[in-house]
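Colleague: What follows is a predicted protein model with its sequence.
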Amino acid sequence: MDEDLKARLLARRAETESGYPEDYVDVPGMGKVRVRGLSRSEQLFAVKQGDVDMQGNVNMTRVEAIERRMLACALTDPVMTEAEVGQWQKFGGGGEIEPVMAKIQELSGMLPGAPKDVVKSFRDGSDAGV
């Protein structure tokens, strides 16, 4: 067994407090929030049983709950509970939350083409801090 590979698989992904990639996102008209990428287990937690049918289609009535769980996990400054995120969803427009969700998905490798971008960064010799 390649112990070096095992060590890399089990290591933190970034030199941040959370151990995940982090970045600031401008919330239009409000200020900046700090978010981090989600772990695979957090991504799976966000999409709980009942949120997706047997064909992999997301139950649209559950999208709000998925977004609430993702934001509650990923927001590092300010930290928010699911209930607080729900309040933000109620009063904030999509223009506030959408850029934050996009950054979380980017940092988590959830956007289309993300695996290709990771491979490209290795080819370029870029270092993601792993």
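Modeller: Cool, the structure landed. Numbering: from 1, shown residues only.
Colleague: CA atoms only: put the strand or helix carrying residue 34 into CSV for me.
Modeller: Under the assignment given by DSSP states H and E, the secondary-structure element containing residue 34 is strand 31-36. Extracted in CSV, the C-alpha atoms of strand 31-36 (Å, rounded to 0.1, in the frame of the first residue of the first chain):
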residue,chain,number,x,y,z
GLY,A,31,-20.8,43.4,3.0
LYS,A,32,-18.5,40.4,2.8
VAL,A,33,-19.0,36.9,4.3
ARG,A,34,-16.4,34.2,4.6
VAL,A,35,-17.2,30.7,3.5
ARG,A,36,-15.4,27.4,3.2
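Colleague: If you count neighbours, what's buried in it?
Modeller: For strand 31-36, the buried set under the neighbour-count rule, 16 or more other CB atoms under 10 Å, comprises 33-36. For every residue, glycine as well, the C-beta is placed using N, CA and C.
Colleague: which residues touch the spatially most central residue of the chain?
Modeller: To find the centre residue of the chain, average its C-alpha atoms and take the closest one (CA atoms, centre = their mean): that gives residue 104, at 3.4 Å. For residue 104, the contact set (CB atoms under 8 Å, 6 or more residues apart in numbering) comprises 35-38, 70-71, 74, 110.
Colleague: Any quick ChimeraX command for the buried ones out of these?
Modeller: With 16+ other CB under 10 Å as the burial test, the buried ones among the contacts of residue 104 are selected in ChimeraX as follows:
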select :35,36,37,38,70,71,74
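Colleague: Let me know the closest of the contacts of residue 104 to residue 81.
Modeller: Distance ranking of these against residue 81, using CB to CB, places residue 71 first at 10.0 Å.
Colleague: hang on, the closest one packs against residue 80?
Modeller: Yes - counting by CB atoms under 8 Å, residue 71 sits close enough to residue 80 to count as a contact (6.7 Å).
Colleague: Please compute how far stretch 73-93 lies from its chain's middle.
Modeller: On the basis of CA atoms, centre = their mean, to the nearest Å, stretch 73-93 is displaced by 14 Å from the centre of the chain it belongs to.
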